[in-house]
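Novice: coordinates for the following, if possible.
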Amino acid sequence: MGNGNLVFEIFSVAAALAIIAMLFLANYRSREPLAQEVVTSRGYALRRYWFWLVFAVAVASFALTVPYFPYPRAGASANAKHFSVVAQQYDFAVSGVIPRDVPVIFDVTSKDVNHGFGIYGPNGAIVGQVQAMPGYVNHLPMTFTVAGHYTIRCLEYCGIAHAAMQGGFEVR
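Specialist: I've put the predicted structure just below:
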């Protein structure tokens, strides 16, 4: 079973339980009409319990699925090789060759507006991302274990040609 399937199954069970609870509450009625004060009091109590139930389910769902997030733990090595990346409409300036199996750190900034610096591996899956902001340098530690061409795409709308903004580099 893949990680995505587990997350989907947990979400599906939680959604089904929430729908069942809502259908029960929508169809529940007492035999005699109740006074407004009683309805209001019960309504506030029910709303309070419903809030805490939804909150507990959300926290439990997050706790159960966070280990399956697709992002590896990044750690910067003291002897990592630094590569400067400068984003600008509509290009990324980065070295053409990155060493394989060597810790590297991308020092990412922007000349003009905010950009998203997203790295996609040879298989098309995203392997890392960070914001590129003018006047600030973000550091993205990475270690590439697969050789090939990596594509860089802007992940934040930055202007009219945003969709065409991409770059790339080789890992050898």
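Novice: and Arg100, helix, strand or coil?
Specialist: Three-state call for Arg100 (DSSP: H, G, I helix; E, B strand; the rest coil): coil.
Novice: distance of it relative to Thr65?
Specialist: The gap separating Arg100 from Thr65 is 31 Å, by CB to CB, to the nearest Å. C-betas here are computed from N, CA, C, even on glycine.
Novice: just checking, Thr65 touches Phe8?
Specialist: No - the pair Thr65 / Phe8 is not scored as a contact, 9.9 Å apart, by CB atoms under 8 Å.
Novice: so where do the strands sit in the protein?
Specialist: 81-88, 91-93, 97-98, 103-110, 115-120, 126-132, 138-143, 148-154, 166-171 (DSSP state E).
Novice: residues in contact with the third one?
Specialist: For strand 97-98, the surrounding residues in contact (CB atoms under 8 Å, 6 or more residues apart in numbering) are 83, 104, 144, 150, 169-172.
Novice: can you put those in TSV and add pLDDT?
Specialist: TSV is the format used below for the contacts of strand 97-98 (pLDDT from 0 to 100):
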residue	pLDDT
Phe83	94
Val104	93
Phe144	94
Tyr150	96
Phe169	95
Glu170	95
Val171	95
Arg172	92
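Novice: so what's Ile126 bridging to?
Specialist: Counting by DSSP bridges, Ile126 is bridged to Tyr120.
Novice: for the residue lying closest to Ile152 once chain neighbours are set aside, grab the count of nearby residues.
Specialist: Spatial nearest neighbour of Ile152, chain neighbours left out: Gly167 (4.2 Å); criterion: CB to CB, 6 or more residues apart in numbering. Using other CB atoms under 10 Å, Gly167 has 19 other residues around it.
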